[in-house]
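Colleague: Give me a model of this one.
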Amino acid sequence: MSTKKETTKLEHYLDDSQLEYFRTILQKWRSDIIKNNNKHTSMLEEHVNESDDIDTAYNIASKMTELQLENNARQLLHQIDEAIERIDNGTYGYCEETGDPIGYKRLQAMPIATLCIEAQSRLEKRIGRIQRENNIAY
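Modeller: Next up is the predicted model:
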């Protein structure tokens, strides 16, 4: 996706100051996630005395929730790193499916977006159809 035409289009779509704005947002978001994740990790490592089965069950459920939060944070960090990489390689802000601009307002709302609204809507409809066909509830 690095043809001369696309590079020219990128130069007119998001200028250097806008790209730096998104880089700053992504880096701060990344830093905040790491700080919060470190807090969750230290909470997981705390030893808890369980006095009965209810306390044990509660502690297991709490640890499972913390592990899920940690996993979600890891996935989000990966998406943030990929967005920063797209800024670096000149593809940030373009839909991975269509090549069209994602849109400045959409990027402000979701700086890690990889699909334009239309492509995202198509994806969500396909997922919904698959879930209905397979009776999957989320």
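
Colleague: only C-alpha atoms for contact and neighbour calcs from this point on.
Modeller: OK.

Colleague: tell me the centre residue of the protein?
Modeller: Leu76 (4.0 Å; C-alpha atoms, centre = their mean).

Colleague: How much space separates that one from Ile117?
Modeller: According to C-alpha to C-alpha, to the nearest Å, Leu76 and Ile117 sit 20 Å apart.

Colleague: where exactly do the helices run in the chain?
Modeller: With DSSP state H, the ranges of helices along the chain come out as 4-13, 16-45, 53-89, 104-109, 117-133.

Colleague: tell me what the second one is packed against?
Modeller: On a contact count with 3 or more C-alpha pairs under 8 Å, 6 or more residues apart in numbering; DSSP states H and E, helix 16-45 meets helix 53-89.

Colleague: Which other helices and strands does the helix it packs on contact?
Modeller: So helix 53-89, by 3+ C-alpha pairs under 8 Å, 6+ apart, packs with helix 16-45.

Colleague: For burial, what's the neighbour tally of Asp16?
Modeller: Using other C-alpha atoms under 10 Å, Asp16 has 10 other residues around it.

Colleague: same thing with Leu107?
Modeller: Neighbours of Leu107 using other C-alpha under 10 Å come to 18.

Colleague: That one and Gly93 touch, don't they?
Modeller: Yes - between Leu107 and Gly93 there is a contact at 7.1 Å, judged by C-alpha atoms under 8 Å.

Colleague: Mutual contacts of the two, please.
Modeller: Both Leu107 and Gly93 are contacted by Ala113, under the criterion C-alpha atoms under 8 Å, 6 or more residues apart in numbering.

Colleague: Quick one: the helices of the chain as a markdown table, columns for mean pLDDT and distance to Thr98 too.
Modeller: Putting these into a markdown table (pLDDT from 0 to 100; distance: least, C-alpha to C-alpha, whole Å) gives the following:
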| stretch | mean pLDDT | distance to Thr98 |
| --- | --- | --- |
| helix 4-13 | 50 | 12 |
| helix 16-45 | 86 | 20 |
| helix 53-89 | 92 | 16 |
| helix 104-109 | 96 | 16 |
| helix 117-133 | 93 | 7 |
